[in-house]
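>>> Give me a model of this one.
(2 chains)
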Amino acid sequence: MTRSVLPGFRLTMGFTVFYLCLIVLVPLLTLPARSATMTWDAFWQTISDPRVVASYRLSIGASLAAAAVNAVFGLIVAWVLVRYSFPGRRIVDSLVDLPFALPTAVAGITLTSIYAPNGWLGQLLEPYGIKVAFTRLGITLALVFIGLPFVVRTLQPVIEDLDPEVEEAAASLGATRVGVVTRIIVPYLFPAWLTGFALSFARAVGEYGSVVFISGNMPMKTEIAPLLIITKLEQYDYAGATAIALVMLVLSFSLLFAINLLQGWTTRRLMN
Amino acid sequence: MAGYVHAHTGQTSRRASRLTEPPIVRVLLIAAALGFLALFLVLPLATVFIEALSSGLGAYVLAIREPDALAALRLTLLAAAIAVPSNLVFGVCAGWAIAKFDFPGKQLLTTLIDLPFAVSPVISGMVFVLLFGRQGVLGPWAADHDIKIVFAVPGIVLATIFVSFPFIAREIIPVMEASGTQEEEAARVLGAGGLQTFFRVTLPNIKWGLVYGVILCNARAMGEFGAVSVVSGKIRGVTNTLPLHVEILYNEYAFQAAFAVSSLLAFLAIVTLIVKTVVERRIGLSAQTEAGAARPQAS
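Modelled structure (predicted):
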């Protein structure tokens, strides 16, 4: 380390590491430490229980579906916000962050009341046999809501950075607009798009507040993994809760690792 | 001549059509984007206020002034009043250490700071139950000393600090990195003390990044549900925060009251978005003026 004329490195670094350990690392480490006291058999029995497997499957499946919806519409929203001008564009742009700012419980009860069988939209969908609230469709909808900003916000700066001159050059060399979009724009946006998808998915897998109201919470059918953790905790089955949580934590950290790699790919792409 | 002009305009319009989508595609894309956002953002936000006022203004005020709601509001404000300053001090320290100095493991430290974002809110609350609960690692010790952490206010504060932990640091670090160390070094060489350098030189450079981080941190701290729900025990009037009070009212089928309390949180969300937009514009403007000021000097 080179010597700096600036003071305070030891103090600020010391406090940073101390606070990080106190608030984040030590509490998080209790989870693997706690599950280490379980036997492998007990651990495996907990996480291979059909009800637990069903909850993992639901959490992952609904999150993938929601992230896919967000990937499609997020791309459209980001493109429209950067490239086109229309009245109210700035307000719409600010509104995209609403799912970050609105408490998840509020989002949860609101979506439920809209899509419940007697709700504004639930009423309209009911005659067509489409049930949203208290089904997997409802869970996916809530996850679309909370994951919405991720794809838009990761794509926006990349689209802004996309030099129209490149598109111009391709066009002047005879490429059609469809050709420019599929051959130049989509490959250019792809790493950021995938990052947005992964962020949206990662957020959705652990989500609790916005889902718990609309899901109906039926075991084997509409019970998400975070809810099952809470159920186990309320029954004082700490070992069971720990085992389920540990699997989710491993999944989350693998996603974080993948997202970091993707972001590295995006920045390298932007620099070239 | 006329033929030439005609051919020329024809060519430019064909060129233009290759540079952007045909009008019909543009209109369809805008319609799809706005329709999607209206369905997922505008409709829920409007619903909160419509449902809150569905039984008239009197019922609305009554629901908000109810003692349990006021107690929940006080606890939410208390948790945020502890969590946000703590995370602010941490964010500034982390920013100073990471942005102004070089050391091995910097990338790892930055990743670890983001860790709470990757953890499910339920797990964020649960680790404190594992740590301080009756069967927890420090549970017996806490019980011996008559310290109640889980299912009490300290647990709620801890969980709130945990989930809002990265917000300020991750906004400050890039802003501090962007402003470099030259100005601070100059201040030091000219005889300024450490704190003087920070308050006179660094702080003005990072103030908008700071405001931005604080507003996001505060929104999360006041709105957190999952983590707080696990550690709270949900004792009405004692360990209920606003989001938890919303849940209790909703589960008791007191829908109008639930939405009335929700409207306070939705209002907070709107204020957060407005401040965020204003600050983003400020940051954008200051970046532009800095770039504008730097250019003539460079040439």
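>>> Low-confidence stretches in the stretch 51-200 of chain B?
Within the stretch 51-200 of chain B, no stretch has pLDDT under 70.
>>> For chain A, what's its nearest residue on it.
Using CB to the nearest CB, the single residue of the stretch 51-200 of chain B nearest to chain A is B:Ser120, 2.7 Å away. Just so you know, the C-beta spots here come from the backbone N, C-alpha and C atoms, and that holds for glycine as well.
>>> check which helix or strand covers the closest residue to B:Val119 other than its chain neighbours.
Take B:Val119 and drop its neighbours on the chain: the residue closest to it by CB to CB, 6 or more residues apart in numbering or on different chains is A:Ser252, 6.2 Å away. Assigned by DSSP states H and E, A:Ser252 belongs to helix A:238-271.
>>> And for the closest residue to chain A within the stretch 151-299 of chain B, the neighbour number?
Of the stretch 151-299 of chain B, the residue with the smallest distance to chain A, taken as CB to the nearest CB, is B:Gly223 at 3.1 Å. Close neighbours of B:Gly223, defined as other CB atoms under 10 Å in any protein chain shown, add up to 29.
>>> Check B:Phe103 too.
By the measure other CB under 10 Å, the count of residues near B:Phe103 is 11.
>>> Pretty sure it sits against A:Met13.
Yes: using CB atoms under 8 Å, B:Phe103 makes contact with A:Met13 at a distance of 7.4 Å.
>>> list the residues that contact both of the two?
Counting by CB atoms under 8 Å, 6 or more residues apart in numbering or on different chains, the contacts common to B:Phe103 and A:Met13 are B:Ala97.
>>> residues in contact with the residue nearest to B:Ala32 when sequence neighbours are not counted?
In space, and not counting its chain neighbours, B:Ala32 is closest to A:Ile76: 5.3 Å by CB to CB, 6+ apart. Applying CB under 8 Å, 6+ apart to A:Ile76 gives the contacts B:Leu29, B:Ala32, B:Ala33, B:Phe36.
>>> Going through those, which ones are buried?
Buried members of those, counted by 16 or more other CB atoms under 10 Å in any protein chain shown: B:Leu29, B:Ala33, B:Phe36.
>>> Please list which of these are also close to chain A.
B:Leu29, B:Ala33, B:Phe36 (CB under 8 Å from any CB of the partner chain).
>>> correct me, but the second one touches A:Gly74?
No: shown here, B:Ala33 and A:Gly74 do not form a contact pair, counting by CB under 8 Å, at 9.5 Å.
>>> Would you tell me what helix or strand A:Pro27 is located in?
Here A:Pro27 is assigned to helix A:26-36, by DSSP H and E.
>>> Can you tell me which helices and strands that helix packs against?
Applying 3 or more CB pairs under 8 Å, 6 or more residues apart in numbering or on different chains; DSSP states H and E, we find helix A:26-36 packed against helix A:238-271, helix B:121-132.
>>> Which is the succeeding secondary structure element to it?
Remark: after helix A:26-36, the chain's next helix or strand is helix A:40-47, criterion DSSP H and E.
>>> report the angle between the axes of the next helix or strand after that following helix and helix A:40-47?
Next helix or strand after helix A:40-47 toward the C-terminus (DSSP H and E): helix A:50-83. Between the axes of helix A:50-83 and helix A:40-47, defined by axes from the mean of the first three to the mean of the last three CA atoms, to 10 degrees, the angle is 60 degrees.
>>> and the angle from helix A:50-83 to helix A:238-271?
Here helix A:50-83 runs at an angle of 20 degrees relative to helix A:238-271 (the same axes, to 10 degrees).
>>> quick one: average pLDDT of helix A:50-83?
The average pLDDT within helix A:50-83 is 96.
>>> Would you check the distance separating it from the middle of the chain?
8 Å (CA atoms, centre = their mean, to the nearest Å).
>>> B:Phe225: how many residues sit nearby?
28.
>>> so it makes contact with B:Pro243?
Yes: look at B:Phe225 against B:Pro243 with CB under 8 Å: they come within range, at 4.3 Å.
>>> how many neighbours does A:Val186 have?
12.
>>> what packs against the helix or strand encompassing it?
Taking DSSP H and E as the criterion, A:Val186 maps to helix A:186-206. Here helix A:186-206 touches helix A:50-83, helix A:136-161, helix A:238-271, helix B:121-132, going by 3+ CB pairs under 8 Å, 6+ apart.
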